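A.B. asks: Quick one, fold the following:
(one chain, ligands or ions: 1)
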Amino acid sequence: MRHRVGALQCLRILMCVGAGRYFGLQGLPFAIPIAQKRLPKDTAWEDDVVLFLDCDDCLYQNNWTTAEKLTDSIAAYTARLGVSKEEAFALYEEHGTALKGLLAEGILDENGAEVYLQDVHAIDLSDITPDPQLARLVGRLRKRPWIFTASTEEHVRRCIRRLKLSSKDLAGIIDTRLCRLETKHHPSSFNVAMQRAGVARPEHCLLCDDSLKNIRAAKRMGWRAVLVGYLSRGDGSPVQCEEADFHIGSIHELPEVMPELWN
Ligand SMILES: [Mg+2]
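C.D. replies: The predicted model follows:
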């Protein structure tokens, strides 16, 4: 059930995107509903819903500062392997992640992949700052959420410490190792997440993520999905995703579209 985007709303979006570009913000300090949809009321689903939160650029947003550091770290590592930035990007394009490409090409073996994961994630995270509002939101959820990430568990734990979230408020972390280094948007990763969380029915799963690929994959799997962030990393252009059930600027706005997740 999609609301048409009227002229007034278009104007609001344009104003917000302009402000976002000016201030360099991924999520703006107020909600703009872009093609926002209301889900049908489903009491059974509300009781059984399991929330999966992406980590980077979703649980926190810092204008992709940490993402840039991660990208640089990957480029530095692949350069040490004799793979240029362009070649690493080509591997990413072909295989979904640079690591999968390095494994497929025989540049890294399983042990090498582990060293790679530890090395590339050893970045400075000082740009992630405490988020008391998020800590309160997560602490009041009816059910503890899972973190579902394409990175590593220890990277998520470092981010959580920076945000000052209590790990006791989280059900657990599904990371790339658990997904056998498969891309997050691969169906097998969603199956691992459901298995780990003990969910049998995909319609009981809800993913919040900033990645269009992941949102689309979640919908193909039968999950519910909330896209987080209004602007794209590359050029700050507005992001739209027809498949998403909701689109919010930051994870702080989740209670506005999914109030049933809280008591
Ligand atoms: Mg992300």
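
A.B. asks: Contacts only, for E154.
C.D. replies: Q118, H121 (CB atoms under 8 Å, 6 or more residues apart in numbering). For every residue, glycine as well, the C-beta is placed using N, CA and C.

A.B. asks: and it, which of the three is it?
C.D. replies: Recorded secondary structure, E154: helix (DSSP: H, G, I helix; E, B strand; the rest coil).

A.B. asks: Just the pLDDT for it.
C.D. replies: At E154, the model reports a pLDDT of 97.

A.B. asks: Name the spans of the stretch 101-250 of the chain whose pLDDT lies under the cut-off.
C.D. replies: Within the stretch 101-250 of the chain, no range satisfies pLDDT under 70.

A.B. asks: Mind jotting down where the helices sit in it?
C.D. replies: Applying DSSP state H, counting those that start in this stretch to the stretch 101-250 of the chain gives helices spanning 110-120, 132-139, 153-163, 187-197, 212-220.

A.B. asks: can you redo the ones you listed as TSV with distance to the ion?
C.D. replies: Conversion of those to TSV gives the following (distance: least, CB to the ion, whole Å):
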stretch	distance to the ion
helix 110-120	15
helix 132-139	15
helix 153-163	11
helix 187-197	13
helix 212-220	7
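
A.B. asks: Give me the nearest residue to V83, chain neighbours excluded.
C.D. replies: Nearest non-adjacent residue to V83, counting by CB to CB, 6 or more residues apart in numbering: I107, 6.6 Å away.

A.B. asks: what's around the one you found, how many residues?
C.D. replies: Counted by other CB atoms under 10 Å, the residues lying close to I107 total 18.

A.B. asks: And this structure, what are its domain boundaries?
C.D. replies: Domains of the chain are assigned by automatic domain parsing as 7-62+129-261, 65-120.

A.B. asks: surely H95 meets A104?
C.D. replies: Yes - using CB atoms under 8 Å, H95 is in contact with A104, at 5.6 Å.

A.B. asks: The ion contacts on this structure?
C.D. replies: Within reach of the ion by CB under 5 Å from the ion, the chain has these residues: D54, D56, D57, C58, D210.

A.B. asks: which one of the domains of the chain is the most hemmed in?
C.D. replies: Mean neighbours per residue, mean count of other CB atoms under 10 Å, is largest over the domains of the chain for domain 7-62+129-261, with a mean of 18.

A.B. asks: So out of everything in the stretch 101-250 of the chain, what residue is nearest the ion?
C.D. replies: Closest approach of the stretch 101-250 of the chain to the ion (CB to the ion) occurs at D210, with a separation of 4.5 Å.

A.B. asks: pretty sure N62 belongs to a helix, no?
C.D. replies: No - applying three-state DSSP, one finds N62 to be coil, outside a helix.

A.B. asks: what's the distance between the closest residue to it other than its chain neighbours and T176?
C.D. replies: Leaving aside its chain neighbours, N62 sits nearest to D127 (4.8 Å; criterion: CB to CB, 6+ apart). Separation of D127 from T176 (CB to CB, to the nearest Å) stands at 22 Å.

A.B. asks: and the nearest residue to R158 once chain neighbours are set aside, what does it touch?
C.D. replies: Spatial nearest neighbour of R158, excluding adjacent residues (CB to CB, 6+ apart): L125 at 5.5 Å. Taking CB under 8 Å, 6+ apart, we find L125 in contact with T66, R158, C159, R162.

A.B. asks: Mind picking the two most distant members of those?
C.D. replies: T66 and R158 (10.3 Å; CB to CB).

A.B. asks: what sits against the residue nearest to S188 when sequence neighbours are not counted?
C.D. replies: In space, S188 comes closest to E182 once its chain neighbours are excluded; the distance is 5.3 Å by CB to CB, 6+ apart. With contact set as CB under 8 Å, 6+ apart, E182 has these partners: K100, T176, S188, S189.

A.B. asks: Quick check on the nearest residue to A135 once chain neighbours are set aside: phi, psi?
C.D. replies: Nearest non-adjacent residue to A135, counting by CB to CB, 6+ apart: L165, 5.3 Å away. The phi and psi values for L165, taken as degrees, to the nearest 10, are phi -90, psi 150.
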